[in-house]
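1. sequence unavailable; structure follows:
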């Protein structure tokens, strides 16, 4: 069992940067693939980024590639999402999630946090 708690979401202006954190409790954090997803009002949850347990494999959605960076610190049981050059269309509730296989499909993630709100004003 893994419990995930996101933090760092807030209101920012377009062009600003923001770093989200996701703290995990439970054993064997380094064995989990971690992902970030987001959901805007009226839209489906979408994949943002994923990172393998050893951080050797990364994957980004096309819409964020070059602007967002996913990373993890296994010693701190934490995964991060650094978001630069934020756009109004990045506004959403951001969720971190954990799974045991390499995937970007949300329905294959086993554990989810409660989400953190990111608002981007234009």
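-> That came in fine, so what should we check first? These figures come from a predicted structure and were not determined experimentally.

2. distance between the ends of stretch 1-12?
-> 34 Å (Cα to Cα, to the nearest Å).

3. equivalent analysis for stretch 23-36, please.
-> 13 Å.

4. that stretch: which residues count as buried?
-> For stretch 23-36, a neighbour-count test (16 or more other Cβ atoms under 10 Å) marks 23, 24, 29, 32, 33, 34, 35, 36 as buried. Using the backbone N, CA and C atoms, a C-beta is placed for each residue, glycine as well.

5. which one of those sits closest to residue 17?
-> Set against residue 17, the nearest of the buried residues of stretch 23-36 by Cβ to Cβ is residue 36 (15.4 Å).

6. phi and psi next, for the nearest residue to the closest one once chain neighbours are set aside.
-> The shortest distance from residue 36 to any non-neighbouring residue, by Cβ to Cβ, 6 or more residues apart in numbering, is to residue 48 (4.2 Å). Per-residue torsions, residue 48: phi -120, psi -50 (degrees, to the nearest 10).

7. from residue 81, how far out is residue 48?
-> 7 Å (Cβ to Cβ, to the nearest Å).

8. okay, and the common contacts of these two?
-> 36, 68, 94 (Cβ atoms under 8 Å, 6 or more residues apart in numbering).

9. residue 23 contacts residue 80, correct?
-> No - judged on Cβ atoms under 8 Å, residue 23 makes no contact with residue 80 at a distance of 10.3 Å.

10. what is residue 25 paired to in the beta sheet?
-> In this entry, residue 25 is beta-bridged to residue 3, by DSSP bridges.

11. middle-most residue in the protein, spatially?
-> Geometric centre of the chain, nearest residue: residue 36, 2.4 Å, by Cα atoms, centre = their mean.

12. ok, that one - contacts?
-> For residue 36, the contact set (Cβ under 8 Å, 6+ apart) comprises 20, 22, 48, 49, 50, 70, 79, 81, 94, 95, 96, 97.
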